[in-house]
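Engineer: have a look at this prediction, sequence included:
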Amino acid sequence: MTVQQFDSIWDAIEDSPAEAANMKLRSELMIALKAHLSKAELSQSEAARLLGVTQPRISDLMRGKINLFALDALVNMAVAAGLRVELKVTSAG
């Protein structure tokens, strides 16, 4: 049996480096949004109004349903929540 090591779980389970990178960014945004909303102690309805989405959408976010969120939607939600989103691009080498 060969043992493989990966930088992240996404590298291990996604089919391509591009898909893994997308999932890494989406998961980071979801974690940051969930932490921000929890810290603010907003109800899901209040959070939905703040972010301009529905309450069921906030429920999906809080339950970590990453497959339901596109990267651009998460960026929009983070900015609406008052978070600053930065992207750092470096050489893969």
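Structural biologist: Looks like it arrived, so ask away. Numbering: from 1, shown residues only.
Engineer: from here on, contacts and neighbour counts on C-alpha atoms
Structural biologist: Noted.
Engineer: now the element after the helix or strand of the chain with the lowest mean pLDDT, going C-ward?
Structural biologist: Per-element confidence for the chain was summarised using mean pLDDT, DSSP states H and E. The lowest value among helices and strands belongs to helix 9-13, with a mean of 60. The helix or strand immediately downstream of helix 9-13 is helix 17-40, counting by DSSP states H and E.
Engineer: identify each buried residue in that next one, please.
Structural biologist: 20, 23-24, 26-27, 29-30, 33-34, 36-37 (16 or more other CA atoms under 10 Å).
Engineer: least confident pick among the residues you listed?
Structural biologist: Checking pLDDT across the buried residues of helix 17-40, the minimum falls on Ala20 at 83.
Engineer: that one and Ser43, how far apart?
Structural biologist: When CA to CA, to the nearest Å is applied, the distance between Ala20 and Ser43 equals 32 Å.
Engineer: average pLDDT across stretch 56-66?
Structural biologist: The average pLDDT within stretch 56-66 is 96.
Engineer: ok so, going back, need the buried residues of helix 17-40 in a markdown table (columns: distance to Val79).
Structural biologist: Written out in a markdown table, the entries for the buried residues of helix 17-40 read as follows (distance: CA to CA, whole Å):
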| residue | distance to Val79 |
| --- | --- |
| Ala20 | 23 |
| Met23 | 19 |
| Lys24 | 18 |
| Arg26 | 14 |
| Ser27 | 16 |
| Leu29 | 11 |
| Met30 | 12 |
| Leu33 | 10 |
| Lys34 | 13 |
| His36 | 12 |
| Leu37 | 13 |
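Engineer: need the max-distance pair from those.
Structural biologist: In these, the most distant members under the criterion CA to CA are Ala20 and Leu37, with 25.7 Å between them.
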